Every structure is written in structure tokens, then in C-alpha cells.
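Enquirer: No sequence on hand, only this structure:
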């Protein structure tokens, strides 16, 4: 997130017309450029930074739309909704809490759109605990203290994308739809787009590349169900030829487990390498998501007859946990996906999510391959060339990582499923805390049936059969082509 905070600050300084945030969490005390001791200049705190821009440049329309979180969730983030209201009170910055969604769901999108000309989208919120560098230093003094307590933040892995051109405009339109749904106020679409505020500190990874947006939205008060994130995952898993690489906070979706196990069962199917956190940071997620992940892993291991599956958790140099909060997928060298959606039920059918995907051809395929190599090298703690040589020598990424681990690169550790007791088994069976859609959100006894229906429908589609007449085939949605980005990373 160091790179995101720096690039976002630079881009916002160049804004001509608008700065629009969509966030799960937005903590006004967040420092954009943390200093040793976890502090920084008060003017560098995000709320003060935005208020300065709004007061000195009144032509800027600055808006923040943040999830109106449940009290127990807000408590884990220092009650940011209450702090936000106070921070922006009597300020030109327009701040709103958004609770217009199914009961129990959350607005989980994370993006920043500037002038409808450049936009960031990914897995990172605005919060001091989000900040870290790719080095994931064990004792980084910039993570040591906050205004709230003296507790050091854990090392954390986040990924954000940045686009300009039509994809940025598409994300701007998504913001306006959300703002109208929350407030009833229809914001006018821009008639003239200012020159792009692309931050000079970020060299573009791609130029003139096709970009798509995939969303999740639970059905609510006349708003239809949107399952684009799920649809793209199923399509890309099905299309993979050599390698499926994913990073996610959660791996619990039985539907995606079924799709991946089918590919692992093929003699010539793709390798599957997953990266996640050893255990969730919150006790609630440890009791729910971690238990259900054991089932996910066990299903893939049982299907792995040809030795093509591995799931790892990364650690720091001293062996401490790194929180993997990124939501990223790379399919072969063809598709790069970065967004907010986890590999769990609620991200694929209940919460509000948005992912950005880049479809490569020509030289762009090489850039995707280099990004994947760089991510693995960053995890292991070696040069990218070491990973490339190991892949060539061992015929794939699974063999390469295992060989490097045996050679002493031990910062990636296999995640092994634990043994479920009676309570853990009940949690995993009912997917407690992980609804499939609004219909089963408060009826966990219906959730297992909903999951089985999804998996059955998927299997029927894959086999070319049609569902029975009394079994409605679920609309999986579509991925919206956002256009071609002049620059993207």
C-alpha cells in the first residue's frame, strides 16, 4: 500500500474536477506518508489532506461513500464511521455512509476515481493498518505506533490497479450509480474529461489493453442480482491451460472449489497455486472462514491426483504472519484480475464487489508473466531470475516453489487443513458467516441447499446438459467491457 498511497496523493494533487472514493473502511487519521513511530505531519492525514484540497480549490467535487458498517465491525477499525462524520463535519468534502444493501451484507468495493480520467481499484481500503512495503520488514518503525495505541501493525499484502481512459470513466459511472442509490442525488456525468492525472511515480505496465469490470451485487429492493465476479472466475478457471495463480484473504467457495477440482482431475490440466494468510486476524473469521477453508483445501487435495496443487501462507524473515488481503488472479499469461472480491460465498453473491481484469495479447502476456514471477519472488525472498530458472528446471511453478523451499527459501509455508470437531463441522457445513445470496443470509439451514444447487447447475452446464424443468438455471451475469486503457498497471 505504500505505492498506492504515494500514487493516490500525487494524482489527487493534480485533480481538476472530482475526487471520488468508494470504500469498505475509510479512517480519517490515515497518514499517506508514514514516518518512523507511525506518525506523520497532520496535514498528511487523509482527512486533512482532502479538506485542504477542497478549501483551496473550490472547483473540486470531493466525495466519499463508505459502508455503514455494523457496530462490531466498526469497533475493529476504531469506529471509523463515527470518526469520519466528525472529521468532515462543516467541510466542503461530502461524506456519506451507505447502508442501502441487503441486511447483513457489506459494501466491499475499494476504489478512487479522479476526474473520471484515472482510477484505482483493488483490495486496499484507507486505513493506517493497511500500510506496508513489499519488503514486509519485521520491525518497520513506520508501523510501530498510532494515535490509538502503541500496538504495531502486522505486515500486510495488498494489491491495487490503476487505469485511465474509458475504464476509469466506467468506474466513475459505477460511483455515480452507488451515490444515487445511497443518497437519491443524481450526479451529472462529465461532458469534458480533463487531462489524465496519471501519477508520474507509476510507470504503466500495459498500454492500449482491453479492460473489463466484474461486479457482485446482492438483490435488494428492485435491484437485480449481479454475479459477474462469479461468472468470470468460472470462465477463467475453465479456460486455463497451464497455471491458475490466486491470492485471496479467503478460500471457502464450494462452487469455485468444484470448478478447480474438475481441472485438477484432468491428466493434462493446469497447475493451481493459491496464496492466503495462515489464519485470519479476527477471532470471528478464524472460527468461521478458516474452518470452512479446511474443507476447500481438503477437496482440492483429494482431487490432486497428478501433483499440481499447492496452497501457501507467507511469513516475514523472522517467521511472523503476513496478512494476505489482496484479491488477485492470474490465468496463464493471458488474464490478470485485481479487485475486492474474495474466493468466498458472500463476495460472489451477497456483498458489493468490483474487480478489474486485463486481457493480454502480444507483449502484454510477457508483462503478466513477469508480474507473477515477481510476486512469487517477493514471497520467497529471492530474485525473479531464481524463480524463472526453477520453473524451467522443474517444469512448473509447484515444483519450482517446493525445490526453492528445500533449498532454504522458507518464507512460503504450506497450509494444511485441521481436524474439524463437532462445532467446526457444523460451521463448515452451514458456512456460517458466509451467505450465498440475500435469500439465505439469515437462514443458514437453507444455505447448504443453495450451495448444492449452484454446484449442481455448474456441473450440468459443464456437461452440456440442461437443468430439470423445475430447477431454474441461475443467471451468472456478464463481464462489462470497460474499454481499452491507454495506460494500466
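Expert: Thanks, I have the structure now. All values derive from a computational prediction rather than experimental measurement. Residues are numbered from 1 along each chain as shown.
Enquirer: What's the mean pLDDT across stretch 69-78?
Expert: In this model, stretch 69-78 has an average pLDDT of 70.
Enquirer: can you list contacts of stretch 339-347?
Expert: 24, 105, 108-110, 121-123, 161, 214, 216, 229, 233, 246, 248-254, 256, 289, 292, 327, 348, 353-356, 431, 434-436, 447, 451 (CB atoms under 8 Å, 6 or more residues apart in numbering). Bear in mind the C-beta positions are built from the backbone N, C-alpha and C, glycine included.
Enquirer: Which of these fall within strands?
Expert: 121, 122, 161, 214, 216, 246, 353, 354, 355, 356 (DSSP state E).
Enquirer: okay, now the fifth one: neighbour count?
Expert: Read it as residue 216. Other residues within reach of residue 216, judged by other CB atoms under 10 Å, total 29.
Enquirer: Which per-residue confidence value corresponds to it?
Expert: 97.
Enquirer: and what of the last one?
Expert: We note a pLDDT of 97 for residue 356 in this prediction.
Enquirer: Isn't it up against residue 337?
Expert: Yes - counting by CB atoms under 8 Å, residue 356 does reach residue 337; the two are 7.4 Å apart.
Enquirer: picking up where we left off before, which one of the ones in strands among the contacts of stretch 339-347 sits closest to residue 441?
Expert: Residue 441 lies nearest to residue 216 out of the ones in strands among the contacts of stretch 339-347, by CB to CB, at 13.9 Å.
Enquirer: And this protein, what are its domain boundaries?
Expert: Split into domains by automatic domain parsing, the chain comes to 2-202, 209-480.
Enquirer: could you dump the ones you listed to TSV with distance to residue 489?
Expert: As requested, the domains of the chain are arranged in TSV below (distance: least, CB to CB, whole Å):
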stretch	distance to residue 489
domain 2-202	5
domain 209-480	9
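Enquirer: helix, strand or coil for residue 195?
Expert: With DSSP: H, G, I helix; E, B strand; the rest coil as the basis, residue 195 sits in coil.
Enquirer: what number of residues lie near it?
Expert: Neighbours of residue 195 (other CB under 10 Å): 11.
Enquirer: Next, it: phi, psi?
Expert: Phi and psi for residue 195, reported as degrees, to the nearest 10, are phi -60, psi 150.
Enquirer: my guess is it meets residue 117, correct?
Expert: Yes - shown here, residue 195 and residue 117 form a contact pair, counting by CB under 8 Å, at 7.2 Å.
Enquirer: quick one on the thing from earlier: quick one: closest of the domains of the chain to residue 486.
Expert: Here domain 2-202 is closest among the domains of the chain (CB to CB), at 4.6 Å.
Enquirer: roughly how far is the closest one from the heart of the chain?
Expert: 15 Å (CA atoms, centre = their mean, to the nearest Å).
Enquirer: try stretch 267-274
Expert: Going by CA atoms, centre = their mean, where stretch 267-274 is centred and where its chain is centred differ by 22 Å.
Enquirer: now stretch 227-236
Expert: Counting by CA atoms, centre = their mean, stretch 227-236 comes out at 14 Å from the chain centroid.
Enquirer: for that stretch, which positions count as buried?
Expert: By neighbour count with 16 or more other CB atoms under 10 Å, stretch 227-236 contains the buried residues 227, 228, 229, 230, 231, 232, 233, 234, 236.
Enquirer: Export these as TSV, with columns for distance to residue 369.
Expert: Output for these, formatted as TSV (distance: CB to CB, whole Å):
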residue	distance to residue 369
227	30
228	26
229	24
230	26
231	25
232	20
233	21
234	23
236	16
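Enquirer: Am I right that residue 238 is in contact with residue 259?
Expert: Yes - judged on CB under 8 Å, residue 238 makes contact with residue 259 at a distance of 6.9 Å.
Enquirer: Between the two, tell me which one has more neighbours.
Expert: residue 259 (23 against 14).
Enquirer: From the contact counts, what lies against the helix or strand containing residue 235?
Expert: Taking DSSP states H and E as the definition, residue 235 sits inside helix 228-239. Counting contacts by 3 or more CB pairs under 8 Å, 6 or more residues apart in numbering; DSSP states H and E, helix 228-239 is packed against strand 209-217, helix 254-264, strand 328-331, strand 335-339, helix 345-349, strand 353-359.
Enquirer: same thing but 7 Å
Expert: Counting contacts by 3 or more CB pairs under 7 Å, 6 or more residues apart in numbering; DSSP states H and E, helix 228-239 is packed against strand 209-217, helix 254-264, strand 328-331, helix 345-349, strand 353-359.
Enquirer: show me what contacts residue 318?
Expert: The contact partners of residue 318, by CB atoms under 7 Å, 6 or more residues apart in numbering, come to residue 138.
Enquirer: Between the two ends of stretch 136-151, how far is it?
Expert: By CA to CA, to the nearest Å, the extent of stretch 136-151 from end to end equals 17 Å.
Enquirer: Need the mean per-residue confidence for it.
Expert: So the average pLDDT for stretch 136-151 ends up being 76.
Enquirer: so where's this protein shaky on pLDDT?
Expert: Applying pLDDT under 70 to the chain picks out residues 38-39, 73-80, 145-150, 463-483.
Enquirer: which one of the ones in strands among the contacts of stretch 339-347 is nearest residue 151?
Expert: Within the ones in strands among the contacts of stretch 339-347, the smallest distance to residue 151 is 25.6 Å, found for residue 122 (CB to CB).
Enquirer: What separation do you get for the residue lying closest to that closest one once chain neighbours are set aside and residue 280?
Expert: Spatial nearest neighbour of residue 122, chain neighbours left out: residue 160 (3.4 Å); criterion: CB to CB, 6 or more residues apart in numbering. Look at residue 160 and residue 280: by CB to CB, to the nearest Å, they are 21 Å apart.
Enquirer: cool, residue 142 as well?
Expert: From residue 142 to residue 280 the distance is 24 Å (CB to CB).
Enquirer: mind listing what's buried in stretch 256-269?
Expert: 256, 257, 258, 259, 260, 261, 262, 263, 264, 269.
Enquirer: quick revisit: with distance to residue 305 added, can I get the helices and strands packed on helix 228-239 in CSV?
Expert: Formatted as CSV, those follow (distance: least, CB to CB, whole Å):
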stretch, distance to residue 305
strand 209-217, 31
helix 254-264, 7
strand 328-331, 22
helix 345-349, 27
strand 353-359, 30
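Enquirer: looking at the ones you listed, which is buried most?
Expert: With neighbours defined as mean count of other CB atoms under 10 Å, these peak in mean count at helix 345-349, which reaches a mean of 27.
Enquirer: Am I right that residue 306 sits in a strand?
Expert: No - Residue 306: not assigned to a strand; according to three-state DSSP it is coil.
Enquirer: Wait, it touches residue 267, no?
Expert: Yes - taking CB atoms under 7 Å as the definition, residue 306 is a contact partner of residue 267 at 6.4 Å.
Enquirer: So in this structure, which helix runs the longest?
Expert: helix 444-463 (DSSP state H).
Enquirer: And that one, what does it pack against?
Expert: helix 254-264, helix 422-430.
Enquirer: what would those look like in TSV with distance to residue 322?
Expert: Formatted as TSV, these follow (distance: least, CB to CB, whole Å):
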stretch	distance to residue 322
helix 254-264	23
helix 422-430	25
